[in-house]
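1. Attaching a predicted model along with its sequence, questions to come.
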Amino acid sequence: MANFKKKFCQQWLVLVLFLPLSSVLCFSELSFITEPSDVTVLPKDSAVLDCQAHGQPPVTIKWLKNGVRLAESEHIQFLPNGSLYIPKIKHTKGDSDQGFYQCLSQNKYGAILSQRSHLTITSISEFLLHPVPAVVTEGSVARFSCAVTSSPLATITWELNQSTLPLQTDRITVLPNGVLQIHNVQMEDAGQYRCVATNIGSRLKSREATLTVNQDAGPKPRQRPRIIAGPQNVTVSLHQTVVLECVATGNPWPIISWSRADSKPIDVYNAKVLGNGNLVITDVSSKHSGIYLCRATTPGTRNHTTAAANLTVLVPPTIVERPESQTRPRAGTARFMCQAEGVPSPRISWLKNGEEVHLNGRIKMYNSKLVITQIIPEDDAIYQCMAENEQGSVLSLARLIVVMSEDRPSAPRNIHAETISSSAILLAWERPLYNADKVIAYSIHYMKAEGLNNEEYQVVIGNDTTSYIIDDLEPARNYSFYIVAYMPMGASRMSDQVSQHTLEDVPLRTPELSLTSQSSTDIKVSWQPLPAKVSRGQVSAYRLSYRTAADSTVSSVELLQNSTEYLLEGLQPDTIYLLRMAAATRVGWCEPSAWTSHRTPKTSSNKVPLAPVLQLEQLNCTSIVARWQTSPESVAVEGYRLCYHEEGQPEQPIIQLQPQTYTYTISGLDPRRKYHVKILAVSKVGDGYQTDQTISTPGCVSARDQPAVAPPPPDQVTVLASNSSAVSLRWSRPSFSAGKTVSYTVRCTPVGTHNASAIRYLQTIKQSVTVQNLNPNTRYEFVVRLHVDQMSSPWSSVTYHQTLPAAPSNPPAGVRVTLIEDDTALVSWREPTEPNVMVTHYTILYASQKAWLSDHWQKVQREGSHTMALLEKLEPGNVYLVKIAASNSVGDGPFSSIVELVLRRGNMHRSKNPRHSDNFPDTTAFSDGLYHIDQKSMTGIIVGVSIALACIVMCALILISKGRPRKSSSPKVIAVGGPEGPHGGLSLPREHHTENVEALLPMISQHFIDAKGGSNIVINGAGPLNNKNRSKRWLFFKSKIRNPTESDVETRASLYEAGKTVLRYEERPGSAPLPPSSREIIYGPLHSESSQTSEGSQETGDSGHYSNEESNEEMSNPSTSQSSRPESFGPDDATTVTKLKQSFEVENEAMLSRPLHHSAPDASWLCSTAEGSHPALHTSQAASS
């Protein structure tokens, strides 16, 4: 028992000790203990590059130089510990050991590559800069400099007259970069100076330079400080020493100080001032990068001068996010992340077992991330992320372990592919030989067989079929296919690959044509061969067709398949020719292109500029770049004319370009459209020969074609108003690293527009743009996107801006003058016919002819919401001229055409027809004070009256034939007595106002008391009217119109009072209630209360309100003006008021005196008011009356 316990404890101890060790071994299946580092050696010396790896044995180490594997020899020896030994360094032009070395470590799990080691052989070059002789005045500053390239860096010393320069004095400063400064020069400083550069391999001396010192002439005048040697932009590596020189002169001597442009403090531990103001920074790091300012200031004053320099510290790459080892099943997906930092930004690449990863359809790289899809057993390897820049490289590794299922199915068998068409291939196979019953799906993988880095596509289908048609292929392409069978626990191996070629098809389109003329009788047609994706096979021939614009006869010529240009000769000068082309494969001809126009030059004895050589390039899906050049033999050019247009659309305005301009960006184009671009040179003699060329814009990059992450959108988009038709946009470039050119697209859209043509696109490479030709007082939305390396960012956040208002550009429309009294006229008009113009006020100028001759106008102003005004105190017998202008805060608009108003002596206007004057050409003339109606208007009135009489007769006959009405068991009573009672007025569900005196009368019972019998009530569809409601002023001049209001209870019933006339209406038994109106559905049930003002007309009169609808009706049909009766004249015209009252009462009494019957059940819905239909109203007098 004791032995058993002892063995048990020993086993547990071994297990406890082994577990941590095994975890370490599993984690470090293969890794480096020591990697080679940079080394500098002398020629013919020996060198050792260390490399030691740890992992499960056996571990082998191999070496590479500049990426090429080295073989062991007498000159290159591999040590047992894996290091590289070079006994004797070679350094000749043909053979040198200098370069980059890496070691490759490998075991059964895979292989890893070490960081780069730079082996440098010491050298020193000839002097790049020798000291230059100088002549200075005693007491001033002398400066010498020299420069040399060496490895390692050389030390610079100075000699005076071939002896070492003594540095005991503070006046002499030698900077580490080789600059010699002598302050307060003395006579004994004169002599021959030279610099000596020394490193471990060589020693080199420069040429001598003479310093001449002149004796001081006397006291110097005061001088402002001046920097004679300022700091220079410098780029250094990490841990080096930097010298920022600053030498200044002045009287008195200036004081030199240093600061940083970003206001950060200068590192006091590593920085010091050397000499009289030179800043030296030792052991530089990334925190020292920035702009440094040297400032020279006159003591005791504010006089100063500054100089600046940028210090850039290069930093080797470091990996901040390392990839992690992963275990994935077959057909799974693995993603390895890797992020690195450094200056400059490091380049990231991926290695698989020490070799560069071959990217294909399954293995892709998104920025710095490696993604492996449809994992296969061969993907089991060690992967390394390598970040490198000019300062070095660093690597980080991760292992991918592929797990295989024990009972996985075997691969699908006997794969067969058969071509069906130019875009479809039928794929068939047999089920796996083993475990076929466990297959739940098949995955078909295919990609183009030709080319590198082709994208692999995948289709997943069920297990109930062993064939599939792939129908999204390109014509005339070779594709490779393989199939994988899936089961719940994993996938099978890949099947054997098969390849199949799709059939040819007719070309998608024709080549883009370029047209130029070398003389007045020819056109040179040139084109580029179609790409394989467009030709869809081998092009067998081209067909060029042409004709003149005036002749429909078409001439054609067929060209060989390898042709790229053709010269049409014998043409007519100064004639427009139309040309088009078609291309053919063995399958047939494609559709010919649209006609392209080209005008042959005029015949001239003068020599004009030749046609520019035009080159069009697609910048992105909405922009193209035009580049051109002229022949050196061409005539002197004074400028260029460029124009473009979309195929089938009119030409855009011509763009004038300067003679020194040779490129132009055309932006705001639509994707996937063909555009024609034309350019010619202009000289003093005349226009040169023209070049025409076509180009198609590509489609915008889709998510499927854009594996890389899109760049971020621009931010901080701001809009500044320039004027009413232009705004300036500014934005900030987002923070991302891109070494390629960045361009921007600006989209400008009127808010709420549904018109695609109103959306504008502008292209620019700057971070600002001015948008012209905008509509004033219009709200726009602006967004900006960024383009770099064929990728586009998302649109920025929307910025809204409303353009400034503009002064009206059109006068008020429909100006009309109506004489309503002997000395009063009504002026009406409509708003100016232009969109988005805000009118704040109108100015009415009027004058008699006598006053007009003396340019004396009377002025009346009305607010912008008014379209009427009264002209009072006019003198009869005069002719008045009236004109109107619209104005706003920006300015005044133009005046309308003058309208004449003739005021004759007498009382001609007292008829029912007011007199009108307007500025329409068909104005009715006045004659003898009477208003004559033209024949067309009279015919219309007669026809209308006849139709109305016929309808009334038909209604009367129907009502008589129906007999007595049915009586309701529950009559509803409404009081309509005089206004003195508590419910003096009637408010129907849709109430009419008192000015609508032409509204239809409700059906009146035979028992209704005749108004002639003593009642003063006039009943219409809006309720009772009595004489007290008749105002002494016209209704459309009243500032306010009051209507009685009723609550829901009051509108349904009213207490009976003696002496009142009662209106009663009956509802038909079983009839459905009226359906609710749209307004009631949206806003809920409507109350019986009516608004205080009429809906049909606006408030007018002295306040200037006028109904546009009323005005339009009057102007369109002047003959109907008498139906719009005024309700009152001015208080001074009692005679006119009396006549109108009598006429009003006579007409109403005549209508009320007609015998009316009860409405029949079927006819009770025939009569309606102007605003809606109501049941017929039956009236009776109360029994107790």
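-> Thanks, I have the structure now.
2. The nearest residue to Ala485 once chain neighbours are set aside: how many residues sit nearby?
-> Excluding its sequence neighbours, the residue lying closest to Ala485 (Cβ to Cβ, 6 or more residues apart in numbering) is Ser492, at 4.2 Å. Any C-beta I mention is one placed from the backbone N, CA and C, and that applies to glycine too. If you count neighbours by other Cβ atoms under 10 Å, Ser492 ends up with 25.
3. dump the residue contacts of Ser492.
-> 330, 408-412, 432, 484-486 (Cβ atoms under 8 Å, 6 or more residues apart in numbering).
4. Just the buried subset of those residues, please.
-> With neighbours counted by 16 or more other Cβ atoms under 10 Å, the contacts of Ser492 contain buried members at 330, 408-409, 411-412, 432, 484-486.
5. Just the closest of the residues you listed to Lys684, please.
-> The shortest approach to Lys684 among the buried ones among the contacts of Ser492 belongs to Val484, at 73.7 Å (Cβ to Cβ).
6. Identify the bridge partners of the closest one.
-> Ser443 (DSSP bridges).
7. So it sits against Glu456, correct?
-> No - Val484 is not in contact with Glu456 according to Cβ atoms under 8 Å; the separation is 12.0 Å.
8. tell me, what's touching those two both at once?
-> Common contact partners of Val484 and Glu456 (Cβ under 8 Å, 6+ apart): 374, 445.
9. any idea how far the residue nearest to Ala485 is from Cys621?
-> Remark: distance between Ser492 and Cys621 (Cβ to Cβ, to the nearest Å) = 42 Å.
10. likewise Asn233?
-> Applying Cβ to Cβ to Asn233 and Cys621 gives a distance of 39 Å.
11. Mind checking which of these two has more residues around it?
-> Cys621 (19 against 10).
12. what's the pLDDT at the more buried one?
-> At Cys621, the model reports a pLDDT of 85.
13. Quick one: end-to-end distance for stretch 355-371.
-> Terminal residues of stretch 355-371 lie 17 Å apart, using Cα to Cα, to the nearest Å.
14. Mean confidence (pLDDT) on that stretch, please.
-> Averaging pLDDT along stretch 355-371 gives 85.
15. who touches that stretch?
-> Under Cβ under 8 Å, 6+ apart, the answer for stretch 355-371 is 111, 323, 333-340, 348-351, 372-374, 383, 385, 445, 447, 453-457, 707-709.
16. what about Pro80, how many residues close to it?
-> Neighbours of Pro80 (other Cβ under 10 Å): 6.
17. quick check, it in a strand?
-> No - using DSSP: H, G, I helix; E, B strand; the rest coil, the assignment for Pro80 is coil, not a strand.
18. separation between it and Ser163?
-> 54 Å.
19. hang on, Tyr482 is in a helix, isn't it?
-> No - assessed with three-state DSSP, Tyr482 is strand; it does not lie in a helix.
20. For Ala2, give me the pLDDT.
-> Ala2 carries a pLDDT score of 48 in this model.
21. correction: Ser423
-> 84.
22. Next up, the contacts around it.
-> When contacts are counted by Cβ under 8 Å, 6+ apart, Ser423 touches 471-475, 502, 505.
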